[in-house]
Structure formats: structure tokens, C-alpha cells
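Peer 1: Sharing a model that was predicted from the sequence below.
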Amino acid sequence: MKERNLILVRHGQSEWNEKNLFTGWENPGLTKKGLDEAKNAGILIDELDIEFHCMFTSALIRAQLTGSIILETINQTKIEVIKDKALNERFYGDLQGLNKDECREKWGEEQVQIWRRSYDGGPPGGESLKETGERVLPYYLNQIHPLINLDKNIIIAAHGNSLRSLIKHLDTISDEDIVKLEIPTGAPIHYLFDKDGCVISKKNLIE
């Protein structure tokens with residue numbers, strides 16, 4: 001039986017991750033640590049000895065750069081790279097660019113936690129995790145999953161919340177439990193699919 005491979009990886013640490021700022025659709029680059037995380041992700045993926053057919057990434061530099069470093073590290077820079085804002089990080093609206101600790105001081109720990117971690121409660125002017133999933137999942141089902149069904153091996157380099165939305169679907173996680181899922185920067189997740197396009201195994205390459 002031929003298995004199909006899907007790798008998910010959140011971008012390496014960004015400059016705004018380091019500064020503890022809400023980032024959303026803003027476009028900072030990677031820190032030195034983030035560049036190293038992307039390189040290490042590539043080393044781990046390379047050990048799987050998979051020939052990939054294409055990479056999907058978001059419209060944001062931090063995910064694109066992470067993906068580019070991974071492809072260089074696995075020596076597969078010639079594969080097609082598809083960029084789409086459907087895979088962008090959750091849009092944080094009025095919170096973008098604000099320091100998370102200062103937001104807690106202004107609005108209170110409980111309110112900021114609701115904005116960050118409730119499934120259907122979004123920040124002012126921004127998206128909830130539910131709304132993020134409503135753009136990520138159709139894109140996956142229409143553009144990516146059909147390729148997996150055609151025996152293609154795929155990498156997705158994206159963001160914490162866009163990947164959280166996708167993992168919710170792949171792992172059939174409830175609305176209540178998905179908000180507890182933490183996805184580290186630069187830590188690849190390896191899914192295997194059977195011939196019917198169903199997930200048969202999942203492994204975090206960094207435990």
C-alpha cells in the first residue's frame with residue numbers, strides 16, 4: 001500500500017513572537033532563533049526521506065521563509081510553492097501590534113484569554129478561531145486534500161491558528177479541546193494517509 005505524507009510546520013519564532021506582540025496578519029520576519037528552528041525542522045523532515053510534490057504556505061513572510069529554509073535543507077527547492085492568504089494566521093484585528101502583557105493590564109487576564117483561546121469569541125475587529133477555520137478548512141479540502149488522494153506528498157508551512165484549525169479537522173478534536181492545543185514554532189508534524197485519504201498515523205517530530 002502506498003502511503004501519502006503530509007507535513008505541517010508552524011513558522012519559526014518571529015520578531016514579534018520574541019517581543020510578545022499580537023501579530024496576526026502583520027508581517028515581521030524571523031529571529032535568529034526562528035531561522036535556526038526552520039533549519040532544524042528541515043533536518044528532521046529530511047530524515048524521513050520523502051520526495052515532496054509541493055509546498056503550501058500563507059501570504060506572510062515568516063511562514064514563506066520557514067518553508068523556503070526547509071526546502072533548501074531537504075534539497076527540494078524545485079518543487080512548486082503555492083502561497084495563499086487562506087492559510088494566514090488568525091486576524092487579530094485591533095490587538096495586532098499590541099503587547100500581550102499590556103493588553104492583560106488594560107482589559108484583564110480573563111478577557112484577553114477569551115480573545116486568545118475561546119473557539120468562537122474573537123478580539124475586537126478580528127477573527128475567532130472558528131472563523132479562521134472557516135477559511136482554512138475549505139481551502140484544505142478543495143486544494144490540498146485532493147492532491148493527497150492523487151498520491152502527492154505535501155508540506156504546509158503556516159501559523160499556530162491556521163494549523164490549529166486544520167488539526168482540529170484531521171484529528172477530529174472538539175471545539176472545547178482544540179483551544180488547549182499548543183503548536184510550537186518550528187516543530188514538524190507528520191501525518192500518513194491511506195489510499196482512501198484517511199489519516200492512519202500522526203507523529204510530532206519534536207516531542
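Peer 2: That came through fine.
Peer 1: Give the full set of residues in contact with Asp84.
Peer 2: With contact set as C-beta atoms under 8 Å, 6 or more residues apart in numbering, Asp84 has these partners: 56-59, 139, 143. For glycine as for every other residue, the C-beta is placed from the backbone atoms N, C-alpha and C.
Peer 1: so who does Ile144 touch?
Peer 2: Contacts of Ile144 (C-beta under 8 Å, 6+ apart): 6, 56, 154, 156.
Peer 1: ok, now Ser201?
Peer 2: Ser201 touches 191-192, counting by C-beta under 8 Å, 6+ apart.
Peer 1: Same check on Asn5?
Peer 2: The contact partners of Asn5, taken as C-beta under 8 Å, 6+ apart, are 48, 50, 52, 153-154, 190-193.
Peer 1: Report pLDDT for it.
Peer 2: Confidence at Asn5, expressed as pLDDT, is 97.
Peer 1: What of Ile114?
Peer 2: pLDDT at Ile114 comes out at 89.
Peer 1: what do you get for the one 10 residues further on?
Peer 2: Per-residue confidence (pLDDT) for Pro124: 94.
Peer 1: Can you report how many residues neighbour the residue lying closest to it once chain neighbours are set aside?
Peer 2: Among residues not flanking Pro124 along the chain, Asp94 sits closest, at 4.2 Å (C-beta to C-beta, 6 or more residues apart in numbering). By the measure other C-beta atoms under 10 Å, the count of residues near Asp94 is 13.
Peer 1: Asp94 contacts Glu127, correct?
Peer 2: No. Here Asp94 does not reach Glu127: they are 11.9 Å apart, not a contact under C-beta atoms under 8 Å.
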